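In: Predicted model and sequence below, questions to follow.
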Amino acid sequence: MFVFGNLIGGIAYVLDKLLEAYIWVIIIRAVLSWIRPNPMNPLVRIIYALVDPVTYKMSRMFPTRIGMLDLAPFILILIVIFLQRFLVSSLADLAIRMR
């Protein structure tokens, strides 16, 4: 049974690191919106492709703009933090109990 515990622990660790990296991608996207880089740059296109579809869907579900300020990236970061605290912690606890 310890093998499955280690597997779930490894999945929890990788998921935690992926969610942490996604938070940084969201922050970089927010900073890029202020400086207007070349949209044909491949790195900029990747960042836009990772963040924009999610924030667009959030904006369609409920209003995220207050005047000129778009709160969608901030709300998305809060959702990712919730997933880190709830999902990753639950997987880690499950892994510990299986060992």
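Out: Here it is on my side, so go on. Residues are numbered from 1 along each chain as shown.
In: centroid residue for the protein?
Out: The C-alpha lying nearest the average C-alpha coordinate of the chain belongs to Y22 (C-alpha atoms, centre = their mean; 3.9 Å).
In: separation between the closest residue to that one other than its chain neighbours and V25?
Out: Closest residue in space to Y22, ignoring its immediate chain neighbours: V80 at 5.8 Å, by C-beta to C-beta, 6 or more residues apart in numbering. Any C-beta I mention is one placed from the backbone N, CA and C, and that applies to glycine too. Note on V80: its distance to V25, by C-beta to C-beta, to the nearest Å, is 10 Å.
In: now S59
Out: S59 sits 18 Å away from V25, going by C-beta to C-beta.
In: ok, now P42?
Out: 15 Å.
In: so the residue nearest to the centre of the chain touches I81, yeah?
Out: No - using C-beta atoms under 8 Å as the test, Y22 is too far from I81 to be in contact (10.6 Å).
In: what about the closest residue in space to V88 that isn't next to it in sequence, helix or strand, and which?
Out: In this structure, V88 finds its nearest non-sequential neighbour in D16, 4.5 Å apart by C-beta to C-beta, 6+ apart. D16 belongs to helix 2-35 when assigned by DSSP states H and E.
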